[in-house]
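Enquirer: Fold the following for me, if possible:
(one chain, ligands or ions: 1)
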Amino acid sequence: MSDLSNDMQNLNINGGNGQQPAARRSYVPPHIRSLPSDQQHAPRSNYGSNYGSNNGGDYGRSNYNDNRGYNNGGSFGGYGQRRSYNNGPRGGNFGGNSYGNNRGYNNRGPGGYQRNGQGRFVDGKHVPAAKNPAVEKDLFGEADDPKFQSSGINFDNYDEIPVEATGNDVPEPISTFTSPPLEELLLENIQLARFSKPTPVQKYSVPIVAAGRDLMACAQTGSGKTGGFLFPILSQSFLNGPSAVPEPTTHFSKNKAYPTALVLAPTRELVSQIYDEAKKFTYRSWVRPTVAYGGADIGSQIREIERGCDLLVATPGRLSDLLDRGKVSLANIKYLVLDEADRMLDMGFEPQIRQIVQGCDMPGVEDRQTLLFSATFPRDIQMLATDFLKDYIFLSVGKVGSTSENITQKVLYVEDNEKNSVLLDILSSEDNGLTLIFVETKRMADVLSNFLISQNFYATSIHGDRSQHERERALESFRSGKFPILVATAVAARGLDIPNVTHVINYDLPSDIDDYVHRIGRTGRAGNTGVATAFFNRGNKNIVKDFVEILTEAKQEVPQFLTAIARESSRGGSMRGGRGGKTQNKDFRRGGNSNYGNNNGGSSFGGYGNNSSSFGGYANNGRAQGGYANNNSNNYGNQSSANSWW
Ligand SMILES: Nc1ncnc2c1ncn2[C@@H]1O[C@H](COP(=O)(O)OP(=O)(O)OP(=O)(O)O)[C@@H](O)[C@H]1O
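Expert: Down below sits the predicted model:
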């Protein structure tokens, strides 16, 4: 058998069996082809020197084990339902980290929170649990550990990003993390996370939520939106304590959870990530975060929820399932967050979101606070979103829908049949960092990762046809640098925060420019720098005008071929569906809507939006006439709404 065949037999594209491609490369990049063969070494061959030593087999939530004794805690006011659990000691670990603690709690009630390792709310005061150095190290890491990404050299530049907050009586932003206004324990946890100052979206969201207002926040990728909703919600929750169970307990409802805050996000990986952040900032507090997503065992998720669920982070599908089973009630929700809100309200998710928010027992819009976050907010989605909001503030950080200047964007003209060869050249000239490659279809993700492996690159893939276990393993191998190349469909486009992604390659460009914005935002996060390379050819003509705009806004080089094709396309009249010029994605309530019809392809909307007061009636009319959602489909969300393709 040839060496290569041997190598191939040992390959595993899933990153799961610990076997690695051999260090030998069959591909020799052009710039070193002229060298003697002993000097033609491949740049990444040092990856994997210790491959196979750790398969990451503990990744995943089902292994969350701790030693718990559940007490009744009757001395703490005794309000609410009391239960005794005695699950006994359990060993193991959580996400590869041991997160052992001893908890004891009675589950609910304003006067009666006691969970060992967790704080309580007693007589109107938050009483944090004692510190636990082991848990602290697991949650916050050590200062120089690269897994716990710190902000990059350009973090201070965030202060120069223009911020616009529109709406009635916008509260003054904070400029530092201090207590007050932040609750003391939250401030301590923020300090443990080594966040020294708030990002722009955090500066505004803290006082906006404290003032009881709703928020639609549009801020560049990687600019701290997760903290933007967690900090204010947790601060208020820590200050105000839990709510009483709103309904009499019956035999069937005794294990039902009544979370105070609900965060909905579109992908399993993203809800896991938000949950991990929530664990940090709820450390020692009375708030117990839990997570629920499809593709994983619902039984263990239910058991976790039954142990206490004050902040629930969930994908819409799994939450619907939990609601149907009567395991969760939304009657106590004070805070509703839609992360990646434009995605959550496009045609793929909107019916489910509407059912959860309007069709169950969640308090109405006047009786809860609703926060929507994304890096992109097309006008049609803004309009739809107003059904879920009251007198909200629209916050835009940077030009709405724009890309971060921390990302250097390059565009190459590459015909389809040349893509593999150009990709190999690029990968061969990189020597560190993680590279994320986006393709359009699940099949292509497998084909391309197999091809890269055949060329002895350490690649794996993530897409919707892989099992949850495989997805988590692939992501973990990528995150850890074991497999520094990840070929992904759009399932990895939004929200994922992976330190050290230095290069995003759009092997296939998406057909919606907002998707491009999210994809390249996987690099250049929190003031770090990154590179994004796009393979463009005439097949991508539909986004050319938007693309030129995006590059120009972010002060990036616009190659001549792109300008030429943009001009050609304009002349040919194939430019419909563009971003609609500079006003695109602004707070649609503030005039400037002459371009509105562009995105919707519906001239009937053209004149709308001059003032917010007339809006409510409009949105309803629009949908009542049945024309609204359909009109969106041509320009936005068409592909992203069909989950099956990613
Ligand atoms: N105040 C802060 N100081 C330092 N680092 C921060 C701060 N806030 C957030 N970060 C870090 O910045 C990174 C990006 O934050 P986050 O994932 O919330 O971005 P995002 O705006 O939600 O991005 P996306 O649009 O891609 O979802 C994270 O690693 C986070 O820990």
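
Enquirer: what number of residues lie near Ile393?
Expert: Counted by other CB atoms under 10 Å, the residues lying close to Ile393 total 23. Using the backbone N, CA and C atoms, a C-beta is placed for each residue, glycine as well.

Enquirer: Now do the nearest residue to it once chain neighbours are set aside against Gly521, distance only.
Expert: Once flanking residues are discounted, Ile393 sits nearest to Gly167: 3.9 Å by CB to CB, 6 or more residues apart in numbering. Going from Gly167 to Gly521 by CB to CB, to the nearest Å gives 25 Å.

Enquirer: What distance do you get for the residue of the stretch 401-550 of the chain found nearest the ligand to Leu230?
Expert: Closest residue of the stretch 401-550 of the chain to the ligand, CB to the nearest ligand atom: Ala526 (3.1 Å). Using CB to CB, Ala526 is found at 15 Å from Leu230.

Enquirer: so Asp144, which of the three states?
Expert: Secondary structure state of Asp144, per DSSP: H, G, I helix; E, B strand; the rest coil, is coil.

Enquirer: and Pro198, how many neighbours does it have?
Expert: 24.

Enquirer: Same check on Pro171?
Expert: Residues near Pro171, counting by other CB under 10 Å: 17.

Enquirer: Find the nearest non-adjacent residue to it, please.
Expert: Nearest non-adjacent residue to Pro171, counting by CB to CB, 6+ apart: Pro207, 3.9 Å away.

Enquirer: Next, the contact list for that neighbour, please.
Expert: Pro171, Glu172, Pro173, Ile174, Pro181 (CB atoms under 8 Å, 6 or more residues apart in numbering).

Enquirer: Most neighbours among the residues you listed, which one?
Expert: When neighbours are taken as other CB under 10 Å, the top entry among the contacts of Pro207 is Ile174 (20 neighbours).

Enquirer: SS state for it?
Expert: From three-state DSSP, the assignment for Ile174 is coil.

Enquirer: Pick out whichever of Gly167 and Gly521 has more residues nearby.
Expert: Taking neighbours as other CB under 10 Å, Gly167 and Gly521 compare with Gly521 leading, 28 against 19.

Enquirer: And the more buried one, how close does it get to Asp138?
Expert: For Gly521, the distance to Asp138 - CB to CB - is 28 Å.

Enquirer: Ile437 touches Ala488, doesn't it?
Expert: Yes. Ile437 is within contact range of Ala488, at 7.0 Å (criterion: CB atoms under 8 Å).

Enquirer: Pipe the contacts of Pro207 into TSV and attach pLDDT per row.
Expert: Shown next, in TSV, are these (pLDDT from 0 to 100):
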residue	pLDDT
Pro171	96
Glu172	96
Pro173	96
Ile174	96
Pro181	95
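
Enquirer: which one of these sits closest to Ala292?
Expert: Pro181 (30.8 Å; CB to CB).

Enquirer: The closest one: what's it in contact with?
Expert: Pro181 touches Ile174, Val206, Pro207, Ala210, Ser235, counting by CB under 8 Å, 6+ apart.

Enquirer: now Asn168, nearest residue through space, not along the chain?
Expert: Nearest non-adjacent residue to Asn168, counting by CB to CB, 6+ apart: Asp391, 6.1 Å away.

Enquirer: Name all residues that make contact with that neighbour.
Expert: Neighbour list for Asp391: Gly167, Asn168, Arg213, Asp214 [criterion: CB under 8 Å, 6+ apart].

Enquirer: I'd like those residues laid out as a markdown table, including pLDDT and distance to the ligand.
Expert: Converted to a markdown table, the contacts of Asp391 look like this (pLDDT from 0 to 100; distance: CB to the nearest ligand atom, whole Å):
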| residue | pLDDT | distance to the ligand |
| --- | --- | --- |
| Gly167 | 95 | 21 |
| Asn168 | 95 | 25 |
| Arg213 | 98 | 20 |
| Asp214 | 98 | 19 |
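
Enquirer: Make a PyMOL selection of the buried ones in the residues you listed.
Expert: Buried residues within those, by 16 or more other CB atoms under 10 Å, are selected in PyMOL with:
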select buried, resi 167+213+214
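
Enquirer: which of the contacts of Asp391 sit farthest apart?
Expert: The two members of the contacts of Asp391 with the most space between them (CB to CB) are Asn168 and Asp214, at 11.2 Å.

Enquirer: Now for those two: what residues contact both?
Expert: Shared contacts of Asn168 and Asp214, defined by CB under 8 Å, 6+ apart, comprise Asp391, Ile393.

Enquirer: Residue ranges in the chain under the pLDDT threshold?
Expert: 1-116, 146-147, 149-150, 251-253, 399-402, 572-585, 591-646 (pLDDT under 70).

Enquirer: ok, Tyr275 touching Arg288?
Expert: No. Tyr275 lies out of contact with Arg288 (CB under 8 Å); the separation is 11.2 Å.

Enquirer: So between these two, which is more surrounded?
Expert: Looking at Tyr275 and Arg288 with other CB under 10 Å, you find the greater number of neighbours at Arg288, namely 26 against 21.

Enquirer: just to confirm, which helix or strand has the nearest residue to the more buried one once chain neighbours are set aside in it?
Expert: Once flanking residues are discounted, Arg288 sits nearest to Gly308: 4.1 Å by CB to CB, 6+ apart. Per DSSP states H and E: Gly308 is located in neither a helix nor a strand.

Enquirer: What does Gly308 show for phi and psi?
Expert: phi 140, psi 130 (degrees, to the nearest 10).

Enquirer: try Ile233
Expert: phi -70, psi -40.

Enquirer: For it, which non-adjacent residue is spatially closest?
Expert: Tyr335 is the one closest to Ile233 (CB to CB, 6+ apart), at 4.7 Å.

Enquirer: OK, contacts around Asp508?
Expert: With CB under 8 Å, 6+ apart, Asp508 has these contacts: Phe438, Val439, Glu440, Met444, Phe535.

Enquirer: among those residues, who's most crowded?
Expert: Phe438 (28 neighbours).

Enquirer: And that one, how far from Tyr293?
Expert: 22 Å.

Enquirer: same question, Arg479
Expert: Computed as CB to CB, the Arg479 to Tyr293 distance reads 18 Å.

Enquirer: go on, Ile356?
Expert: Relative to Tyr293, and taking CB to CB, Ile356 is found at 14 Å.

Enquirer: that older thread, for the contacts of Pro207, which one is nearest the ligand?
Expert: The nearest one, if we look at the contacts of Pro207 relative to the ligand and count by CB to the nearest ligand atom, is Ile174, at 11.4 Å.

Enquirer: quick one on the thing from earlier: not counting its neighbours along the chain, what's nearest the residue of the stretch 401-550 of the chain closest to the ligand?
Expert: Ser151 is the one closest to Ala526 (CB to CB, 6+ apart), at 4.4 Å.

Enquirer: how about that neighbour, secondary structure?
Expert: Secondary structure for Ser151, judged by three-state DSSP, is coil.

Enquirer: doesn't Thr529 make contact with it?
Expert: No. Here Ser151 does not reach Thr529: they are 11.8 Å apart, not a contact under CB under 8 Å.

Enquirer: ok, these two, which is more surrounded?
Expert: Between Ser151 and Thr529, Ser151 has the larger neighbour count (other CB under 10 Å), namely 19 against 16.

Enquirer: check contacts around the more buried one.
Expert: Applying CB under 8 Å, 6+ apart to Ser151 gives the contacts Phe195, Ala526, Gly527, Asn528.

Enquirer: And the first one, how close does it get to Glu136?
Expert: It stands for Phe195. For Phe195, the distance to Glu136 - CB to CB - is 15 Å.

Enquirer: again with the last one
Expert: According to CB to CB, Asn528 stands 25 Å off from Glu136.

Enquirer: Looking at the two, which one has more neighbours?
Expert: Comparing Asn528 with Glu136 by other CB under 10 Å, the one with more neighbours is Asn528, at 22 against 15.

Enquirer: so what's the more buried one up against?
Expert: For Asn528, the contacting residues are Gln149, Ser151, Gly152, Ile153, Asn154, Gly222, Asn406, by CB under 8 Å, 6+ apart.

Enquirer: now with 7 Å?
Expert: Gly152, Asn406 (CB atoms under 7 Å, 6 or more residues apart in numbering).
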